[in-house]
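Novice: Sequence and computational prediction follow.
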Amino acid sequence: MRIFFLFFILFVSTFVSAQKTEISPLPTKAQLAWHENEFYLFMHFGPNTFTGKEWGEGNEPEDIFNPTELDCRQWCRIARAAGAKGIIITAKHHDGFCLWPSKYSKHTVRESKWKDGKGDVLKELSQACREFGLKFGVYISPWDRNHPDYGTDKYNDVFVGMMREIFQNYGPVWELWWDGANGEGPNGKRQEYDWRRYENTVRQLSPKTVVFSDIGPDIRWVGNENGFVGDPNWNFLDTVGYKRGIGAPANDTLNHGNYYGKHWIPAECDVSIRPGWFYREAEDNKVKSAGKLFDIYLKSVGRGANLLLNIPPDKRGLIHEADSAELMQFRKMRDENFATNLLKDADSYYEFSQKDLYNKPLLLRGFDTSSAYYGINLQNFIVQLSQPIKTNCIVLREAIHLGQSIRRFSIVLYSNDKPIGEVQGTSVGRKRILTFPATTITSFRVYLEDAQGNDNITGIAAYLIDESLVEQ
């Protein structure tokens with residue numbers, strides 16, 4: 001199939017351009033690499049796995065943790081087969097139990113009967129991730145309902161020491177996940193977290209690690225635990241005056257980002273495959289279906305965010321068969337529905353996955369600098385097909401290393417020269433998956449409103465996906 005592209009680009013007038021001096025935020029190299037990971041697994045695992053609680057009290061006996069069949073290689077085999085790029089493990093949840101034998105705590109795997117106190121989940125998982133080519137990430141809650149120093153300045157030393165152990169003994173750590181929870185400890189004490197010191201520790205020990213929290217500094221919480229990001233989704237966020245946990249931006253702000261935000265802090269969508277975050281046998285028949293996971297994918301990755309899907313290991317220390325089955329079907333759905341790019345034979349077209357994507361032009365460009373469109377650059381291009389195609393999905397990709405400048409767009413579908421449908425949107429970002437009722441077209445035209453005068457579209461594709469998976 002041969003496709004010809006025509007560009008007609010309108011630029012703001014020289015006067016308007018001269019007045020615009022503000023530069024929007026740009027991602028760091030580490031953030032750019034993070035965007036490309038797209039989908040990876042969360043694993044909530046610890047004493048709660050055996051008690052059935054979501055938030056442990058901190059007084060659970062260490063011996064309750066005893067996953068006699070624990071196999072981190074099984075986790076990684078399933079993760080890789082599911083197309084996940086990495087695993088983030090709850091190394092320490094709010095109950096304070098450490099999945100490694102930390103010298104800063106007496107509430108760890110060392111005190112349990114698992115492997116006679118000689119086990120180390122972080123060691124086994126970090127090694128398995130390296131073996132299977134997966135990225136290794138760590139969740140560590142600053143809230144600690146067990147540690148006797150919690151609620152004092154000394155606890156900040158404890159938390160920094162724990163992070164040092166993790167980076168020095170189990171690195172490289174690709175993503176560090178901070179939960180902002182700060183609840184009452186067993187003695188009614190509240191901790192004043194030294195976040196600046198925590199950040200400095202991470203930057204010193206592992207500058208390539210991206211850090212997640214309500215307000216970053218690198219990745220932001222999406223404002224819900226349902227797995228979807230808002231539409232529009234801006235990779236920008238303002239953080240001045242806000243704190244992690246209580247004092248964070250409103251959930252709606254986290255869900256959408258700030259249109260004129262000062263920092264590049266993209267959204268990560270966390271959601272569990274089960275109703276709860278930790279394993280419960282009673283939820284074995286309540287695992288989200290592959291179809292539901294596909295819908296979540298469209299509303300997270302398909303809106304420019306990353307998807308962090310929680311798959312909690314069971315009491316054996318294994319991913320349960322019910323979870324694995326839906327993960328494999330979810331992978332099959334993605335592979336089948338995005339297998340055939342109907343535009344792949346285009347002249348001057350480059351696949352999204354090329355390593356040198358950002359170094360190659362997508363299309364030849366023509367310029368007209370004589371016109372302005374309300375102070376916003378209106379760019380458009382036409383995709384003319386050599387034969388009709390049936391499609392219900394168009395994917396756009398923005399060259400986010402140049403920023404996120406597309407503020408509104410529309411796609412008009414044509415049959416011969418007659419417009420037969422239109423799809424409208426706002427943000428694009430790393431990947432924008434647009435679905436609509438299946439339509440047979442001979443061409444389509446994309447209109448981009450760009451606030452900065454950059455032609456940032458670096459990829460485009462069209463697919464015909466299972467119509468039962470598309471919201472009508």
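Specialist: Received the coordinates, thanks.
Novice: switch to C-alpha atoms for all contacts and neighbour counts from now on
Specialist: Will do.
Novice: Quick one: mean pLDDT for stretch 104-115?
Specialist: Rounded to a whole number, the mean pLDDT of stretch 104-115 is 98.
Novice: Run through the stretch 301-450 of the chain and note the low-pLDDT ranges.
Specialist: Residues of the stretch 301-450 of the chain that meet the criterion pLDDT under 70 lie in 345-378.
Novice: what ranges do the strands span in it?
Specialist: 306-310, 367-368, 377-398, 406-415, 418-425, 432-450 (DSSP state E, counting those that start in this stretch).
Novice: Can I get those strands in a markdown table including mean neighbour count?
Specialist: Shown next, in a markdown table, are those (neighbours: other Cα atoms under 10 Å):
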| stretch | mean neighbour count |
| --- | --- |
| strand 306-310 | 25 |
| strand 367-368 | 11 |
| strand 377-398 | 19 |
| strand 406-415 | 19 |
| strand 418-425 | 14 |
| strand 432-450 | 20 |
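Novice: would you turn those into JSON lines with distance to R196?
Specialist: Below are these laid out as JSON lines (distance: least, Cα to Cα, whole Å):
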{"stretch": "strand 306-310", "distance to R196": "26"}
{"stretch": "strand 367-368", "distance to R196": "47"}
{"stretch": "strand 377-398", "distance to R196": "33"}
{"stretch": "strand 406-415", "distance to R196": "33"}
{"stretch": "strand 418-425", "distance to R196": "38"}
{"stretch": "strand 432-450", "distance to R196": "34"}
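Novice: wait, which of these is closest to V470?
Specialist: Minimum separation from V470 across the strands of the stretch 301-450 of the chain (Cα to Cα) falls at strand 432-450, 6.4 Å.
Novice: ok, now how distant is K288 from L327?
Specialist: Per Cα to Cα, to the nearest Å, K288 is found 9 Å from L327.
Novice: thinking again about what came up before, what's the closest of the strands of the stretch 301-450 of the chain to E57?
Specialist: Nearest of those to E57, taken as Cα to Cα: strand 306-310 at 21.7 Å.
Novice: Neighbouring strands - and their directions - for the closest one?
Specialist: Sheet pairing for strand 306-310, assigned by DSSP bridges, gives strand 39-43 (parallel), strand 267-272 (parallel).
Novice: For it, what is the distance to the chain centroid?
Specialist: 6 Å (Cα atoms, centre = their mean, to the nearest Å).
Novice: do stretch 224-235 as well
Specialist: For stretch 224-235, the separation from the chain centroid amounts to 10 Å (computed by Cα atoms, centre = their mean).
Novice: what's in contact with that stretch?
Specialist: The contact list for stretch 224-235, computed with Cα atoms under 8 Å, 6 or more residues apart in numbering, reads 222, 251, 255-259, 264-267, 269-272, 296-297, 299-300, 303-305, 307-309, 404, 425-429.
Novice: just the buried members of these?
Specialist: Among the contacts of stretch 224-235, those classed as buried by 16 or more other Cα atoms under 10 Å are 222, 255-259, 264-267, 269-272, 296-297, 299-300, 303-305, 307-309, 404, 425-429.
Novice: In helices, which of the residues you listed fall?
Specialist: With helices defined by DSSP state H, the entries of these inside them are 255-256, 296-297.
Novice: Let me know the secondary structure of Y139.
Specialist: strand (DSSP: H, G, I helix; E, B strand; the rest coil).
Novice: Hmm, K92 and it touching each other?
Specialist: Yes. Taking contacts as Cα atoms under 8 Å, Y139 lies within contact range of K92: 6.9 Å.
Novice: residue contacts, the residue sitting nearest the centre point of the chain?
Specialist: When Cα atoms, centre = their mean is applied to the chain, the residue found nearest the centroid is N306 (2.0 Å). The neighbours of N306, taking Cα under 8 Å, 6+ apart as the test, are 35, 37-39, 267-269, 300.
Novice: Count residues in the vicinity of the residue nearest to K288 when sequence neighbours are not counted, would you?
Specialist: Excluding the flanking residues, the one nearest K288 by Cα to Cα, 6 or more residues apart in numbering is I273, at 5.3 Å. As a burial measure, I273 scores 23 neighbours (other Cα atoms under 10 Å).
Novice: How about the contacts made by I273?
Specialist: For I273, the contact set (Cα under 8 Å, 6+ apart) comprises 287-288, 309-311, 323.
Novice: T28 now?
Specialist: Residues near T28 by Cα under 8 Å, 6+ apart: none.
Novice: mind checking the backbone torsions on it?
Specialist: The phi/psi pair for T28 (degrees, to the nearest 10) reads phi -80, psi 170.
Novice: where's it relative to G459, distance?
Specialist: Applying Cα to Cα, the value for T28 to G459 is 21 Å.
Novice: Tell me which residues of stretch 309-323 come out buried.
Specialist: Quick answer for stretch 309-323 (16+ other Cα under 10 Å): 309-315, 317-320, 323.
Novice: helix, strand or coil for V211?
Specialist: strand.
Novice: Report the beta-bridge partner residues of it.
Specialist: Going by DSSP bridges, V211 forms beta bridges with L176.
Novice: what's the burial count for it?
Specialist: Using other Cα under 10 Å, V211 has 23 other residues around it.
Novice: Ends of stretch 334-344, what's the gap?
Specialist: For stretch 334-344, the first-to-last residue distance is 17 Å (Cα to Cα).
Novice: in that stretch, what counts as buried?
Specialist: Of the residues in stretch 334-344, those buried (16+ other Cα under 10 Å) are 334, 338, 341-344.
Novice: From those, pick the one nearest E449.
Specialist: Taking Cα to Cα as the measure, E449 lies nearest L343 of the buried residues of stretch 334-344, at 23.1 Å.
Novice: Pretty sure the closest one sits against A462.
Specialist: Yes. At 6.1 Å, L343 counts as touching A462 under the criterion of Cα under 8 Å.
Novice: picking up where we left off before, what would the ones in helices among the buried ones among the contacts of stretch 224-235 look like in JSON lines with distance to E467 and pLDDT?
Specialist: Formatted as JSON lines, these follow (distance: Cα to Cα, whole Å; pLDDT from 0 to 100):
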{"residue": "N255", "distance to E467": "27", "pLDDT": "98"}
{"residue": "H256", "distance to E467": "28", "pLDDT": "98"}
{"residue": "I296", "distance to E467": "16", "pLDDT": "98"}
{"residue": "Y297", "distance to E467": "16", "pLDDT": "98"}
